[in-house]
Each structure stands twice: as C-alpha cells, then as structure tokens.
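Undergrad: Build the 3D model from these lines:
(one chain, ligands or ions: 2)
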Amino acid sequence: MTITQQLDFGREAALAGTPCPEPLIRWIETLPVDLIEIHNKIAESGHGVWVVGGCVRDALLGVLNGDIDLCSTCTPEKVMELFKEQAIPTGIEFGTVTIKGENQHYELTTLRSEGMYRDGRRPDQVTWGTSLEEDLSRRDFTFNSMAVDLARRLLYDPFNGTKDMEEHIVRAVGDPMQRCDEDGLRIFRAYRFLDRGQLGLWNLEGTLHRAMQSKQPILAKVAIERKWTEFRKIMMGRNAAEVLNLMIEDGTIQHIMPSLRFISSELLALFGKHVNDSWLLKHRLGFLLVEFSRAEVKRTLGDLKLSKSLLNETIRFHRNLGTIPGAHTSSLRVFRYCLGEDAPLHLEIQGLLYHESVKVHGQGVLEGNMSEVKHKWSSLDPQQTPNESLVNGHWIMMRTGVEKGVRLGRLKNWLHRLQIEHDITEVNGIEQHLSRIPWQHGDPLKWPQLHFP
Ligand code: ATP
Ligand code: MG
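TA: Ligands and ions are numbered 1, 2, ... in the order given. All right, here's what the predicted structure looks like:
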C-alpha cells in the first residue's frame, strides 16, 4: 500500500497550490507511519492539516530535518481531546500542542491570525484562524512560509520561497521593517538562515539587510534565551565565521556577545579556516574568546544564561588553552588524563594559536615547545593504568601511619599523579614510588597534584 492510499483528505486550503515537486514527493513517501496516523486523525475529524515550516524547506533542499511541524484548523482544545494522553500542551496559549508519536514528538499548531505585536516580542493576542494563507503570511522568511497538503500532494508557496531558495536569497515575508519591529528575533533568525551548511552562504535581500541594521535596537527587548537559541545555531554552522563577521560589521553582535566586537580579524579568519564538525560549542566559544581574559570570558558567558555544564566546560576549555603541556611523556599522560577525550582537539587548536602567534588571555603568545609536544604526543602509548587510584586512603594509612586529614588527602592525590605519570598498573608499583618520595617532610599543600595545567 502506498502512503497516498493511507492518507485521509482533510479540509482543503482556500489557497492555490501546485503539485509537489519530485523531492517533496520522495520525502512524503518516507514519512513515518505515526505521523500519517496523526495526520489522518485530524483529517477525519473534518479539519485541514498541513506540514509546514522548516521541514518543507529542507525537504525541497534535500537536507535532512527530523523536526516535523504541522498546522491545522483544529483548535488546541479539540486537539487535546482528540489525542488525549498522547498530547502535551507545550504552548497552548499560542495554539501549540506537542503530540507524542511512536519514536518522536510532533508540534501541531492551530492556524493563527494574530493581533498586534506592541512589545516587539510576542503577539498581544492570538486568535485562532482558518486561513492557511494568513498563517503563512505571519511567518518570517519566504522559504519558511510554505506548507504541504500530504494527501493531495500540493505545495502552498504563496511568497515564492522556492524561487528564493533557487536564487539563494533570504527574504522576509512582507515589509522587513515592520516584520523586524514585530519580533526582533527575526534579525538573528535571518543571520542563521544565511548559513546553509554544505550549500554555502546565501544572500540577504537588500531591504531585509537594511532593516536588520536599522532595527537592531529592538533586539534589546528580546529575551536572552530566545536570542541564544538562534545564536548557538549560528555558532554551530559550517560557515559561522562569515556570519559572525557580518554580525560584527552590522553591529548586531552587540546584542548577544559584545566582546566579539574586539576579536582580531586574524583569529576569526583562523576560525573560519579550521573549524569543523568535531568542534563542539564549548570549543568554538573558547576559541573565539581566547584573546580575552578569564574574567572577561566569565562575564560574557554569564550574561548568556547558559546551562551550568556548558558554562563551566567552556570556561575550562578557555582556561586550558593558555597552557601548552610539558613535552615529557609523564606530563602528557597527566594532560591526557585530565582532558580526557578533549585532549587531541585541544592540542590541534592550541597548535593553531601557537603557529599564528595569537595573543592568549589578554597577555602574550603561547609559550612551550609545540613541535616537541606534538611529536611526543603522537608516539604516546595508550593508557594502561585505570583512571581510578589503585590505592585508597586506608591502604596509605596502613603503610605510612598518616592519619585522616589534609596530609592524607594530599598524599593520596600525589600517589594518584605518580600512577598516571608512570602508567602504573600494580599496587606494587605505587609502593615503590611511596618509598622514594619525601612524604614525611614539607608542606603537603606544596606536594604535586593530579591536575592540568
Ligand atoms: P529548524 O529546522 O532549524 O528548526 P525551522 O524553520 O523549523 O528551522 P523553527 O524555529 O523550528 O525553525 O520554527 C518553525 C517555523 O516557525 C519556521 O519555519 C517559521 O515558519 C516559523 N517561525 C519561527 N520563529 C518565527 C518568528 N520569530 N517569526 C515568524 N515565524 C517564525
Ligand atoms: Mg524547527
């Protein structure tokens, strides 16, 4: 049975559609069964239902996008009733209900005809509509304002998004000045959609670009969380350096990461040349902010209300970039232990900073013997010793008579360091080192510890 036979015809849109082009047909045929079931339930209830937004755009481009959004004439209350425990009212005041499918969630939004946007953020009031055309007209860019009738296999593209995609143009639906006034976030979204990954960098339509520059004060009103959601996608883009460069030129970077106004053009160029999919967000942020002091970076990232883990990992990566590990096998073993799977990328990134003589942390260039480090690193044997300490506090107390307290904790850490430095696999080896180190003397706070730098 083909998917066409499984699909129910719901209410038809009062809008001229065109037969779906080949890539869309192919995409429709791959849609998951649970989505078809959801579609049919709404269609059977006598409502119109369409797939809409990013998934249509990406299907036409032949780009994978697992996020499938639906819109419908069915009111949110009715959707809740139809889908019962399958439905989660994630944004019901804006008409959005999330429907749990077999393996994924789908967002279903009731068609809207919105009131005014007086605060530049959210519509003052949302009223449910029945016109697909009106719903599409309040979306942001022409290529995001397309919908598909799955059963009839019709594409609705009232603003010629397909043509703009062919010509690689990011164009607002309607008057760009007004659309940026309504919701300042669209300025950031426009930058985000410039970067089409492997398809390269697209172009901003002229009046949209002028609106983005002149309406940027409105970005101050947009919640930081919404701006960050778009900005992190910009940062993760394949062509992020070019987009960031444009944001710096336009001045809009001011509204998310003001420090980046002062990034050196050499560092941004280096980023553009070398960034790849293995660079996670923390690496990208840490690299781009490497010229700034730790305090500046903490302030910059603190303002973004990042998750604690992303914040801490970025600060750590940024800090670690300031130190080239020692070029000895033992130092490199400690470095590897402390950085874990980050270690190879750390060295790669540090190599770039070193060779281009980038000033790090608001101070001088990196010091160390990078070529020797890289040489030693490449011949380092895989770690044999377990990550955990081979001996515990009890064992140390029995051997040394040291009692619980700072001295014991520090000695334990010192022995752990020796274990990693010498890649010791037997307790016996620890015992030998214990007999050689001067643990009876000196200030324990000055004993070697297992950390990097
Ligand atoms: P992605 O696939 O990267 O998620 P997307 O286009 O689906 O891209 P979303 O943020 O998920 O982006 O938004 C879904 C759709 O909602 C968009 O395609 C667009 O039609 C509409 N939309 C989202 N944000 C806005 C906005 N601020 N103003 C107008 N329309 C918007
Ligand atoms: Mg989406």
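
Undergrad: Let's see the pLDDT reported for whatever residue of the stretch 1-150 of the chain ends up closest to ligand 1.
TA: Nearest residue of the stretch 1-150 of the chain to ligand 1 (CB to the nearest ligand atom) works out as residue 54 at 2.3 Å. Where C-beta positions appear, they are placed from N, C-alpha and C, glycine not excepted. For residue 54, the pLDDT comes out at 95.

Undergrad: What separation do you get for it and residue 76?
TA: With distances taken as CB to CB, to the nearest Å, residue 54 is found 21 Å from residue 76.

Undergrad: Which one of those two is surrounded by more residues?
TA: Between residue 54 and residue 76, counted using other CB atoms under 10 Å, residue 76 has the larger neighbour count: 21 against 16.

Undergrad: Residue 197 contacts residue 237, correct?
TA: Yes. Residue 197 is within contact range of residue 237, at 6.8 Å (criterion: CB atoms under 8 Å).

Undergrad: about what we covered before: which residue sits closest to the residue of the stretch 1-150 of the chain closest to ligand 1 in space, ignoring its chain neighbours?
TA: Counting by CB to CB, 6 or more residues apart in numbering, residue 65 is the residue found nearest to residue 54 once chain neighbours are left out, at 5.8 Å.

Undergrad: before we move on, which element is the residue of the stretch 151-300 of the chain found nearest ligand 2 in?
TA: Residue of the stretch 151-300 of the chain nearest ligand 2, by CB to the ion: residue 233 (10.2 Å). Element membership of residue 233 [criterion: DSSP states H and E] is helix 224-235.

Undergrad: picking up where we left off before, which residues touch the residue nearest to residue 54?
TA: 54, 55, 57, 58, 59 (CB atoms under 8 Å, 6 or more residues apart in numbering).

Undergrad: out of the residues you listed, which is most surrounded?
TA: Counting neighbours by other CB under 10 Å, the top entry in the contacts of residue 65 is residue 59, with 26 neighbours.

Undergrad: thought that residue was touching residue 25?
TA: No. Counting by CB under 8 Å, residue 59 stays clear of residue 25, with 9.7 Å between them.

Undergrad: can you tell me how far residue 108 sits from residue 140?
TA: In terms of CB to CB, residue 108 sits 19 Å off from residue 140.

Undergrad: Look at the two and report which has more neighbours.
TA: Neighbours per residue (other CB under 10 Å) separate residue 108 from residue 140, with residue 108 holding more: 26 against 22.

Undergrad: Work out for me the element the more buried one sits within.
TA: Counting by DSSP H and E, residue 108 is part of strand 105-110.

Undergrad: Tell me which strands that strand pairs with, and in which orientation.
TA: strand 69-72 (parallel), strand 96-100 (antiparallel) (DSSP bridges).

Undergrad: is that strand anywhere near ligand 1?
TA: No. Using CB under 6 Å from any ligand atom, strand 105-110 stays clear of ligand 1, coming no nearer than 8.1 Å.

Undergrad: Can you tell me what sits against that strand?
TA: Applying CB under 8 Å, 6+ apart, the set of residues contacting strand 105-110 from outside is 35, 38, 42, 67-76, 79, 88, 90, 94-99, 128-129.

Undergrad: at 7 Å what do you get?
TA: 35, 38, 68-72, 74-76, 79, 95-99, 128 (CB atoms under 7 Å, 6 or more residues apart in numbering).

Undergrad: Contact partners for the residue sitting furthest away from the middle of the chain?
TA: Most distant from the centre of the chain: residue 401, at 51.6 Å, with distances by CA atoms, centre = their mean. Contacts for residue 401 were tallied using CB under 7 Å, 6+ apart; there are none.

Undergrad: Tell me who's in contact with the residue of the stretch 151-300 of the chain closest to ligand 2.
TA: Contact partners of residue 233, counting by CB under 7 Å, 6+ apart, are residue 192.

Undergrad: if I look at it, how far off is ligand 1?
TA: 7 Å (CB to the nearest ligand atom, to the nearest Å).

Undergrad: Now do that residue, the pLDDT please.
TA: pLDDT, residue 233: 97.

Undergrad: ok so, going back, residue 440 versus the residue farthest from the centre of the chain, what's the distance?
TA: To residue 440, residue 401 is 10 Å away according to CB to CB.

Undergrad: Quick one: residues in contact with stretch 292-311.
TA: If you take CB under 7 Å, 6+ apart as the criterion, stretch 292-311 is touched by 224-225, 228, 257, 259, 281-282, 289, 314-315, 318-319, 361-362.

Undergrad: Out of those residues, which sit inside strands?
TA: Cross-referencing these against strands under DSSP state E gives no overlap.

Undergrad: Pick the most deeply packed of the strands paired with strand 105-110.
TA: strand 69-72 (a mean of 24; mean count of other CB atoms under 10 Å).

Undergrad: CA atoms only: put stretch 130-140 into PDB for me.
TA: Taking Å, rounded to 0.1, in the frame of the first residue of the first chain, the C-alpha atoms of stretch 130-140 are listed here in PDB:
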ATOM      1  CA  THR A 130      -9.000  29.100   9.500                       C
ATOM      2  CA  SER A 131      -6.900  30.600   6.700                       C
ATOM      3  CA  LEU A 132      -3.600  28.800   5.800                       C
ATOM      4  CA  GLU A 133      -2.600  31.800   3.800                       C
ATOM      5  CA  GLU A 134      -2.900  34.100   6.700                       C
ATOM      6  CA  ASP A 135      -1.000  31.700   8.900                       C
ATOM      7  CA  LEU A 136       1.800  31.500   6.300                       C
ATOM      8  CA  SER A 137       1.900  35.300   6.000                       C
ATOM      9  CA  ARG A 138       2.800  35.800   9.600                       C
ATOM     10  CA  ARG A 139       5.900  33.500   9.300                       C
ATOM     11  CA  ASP A 140       9.300  35.000   8.900                       C
END
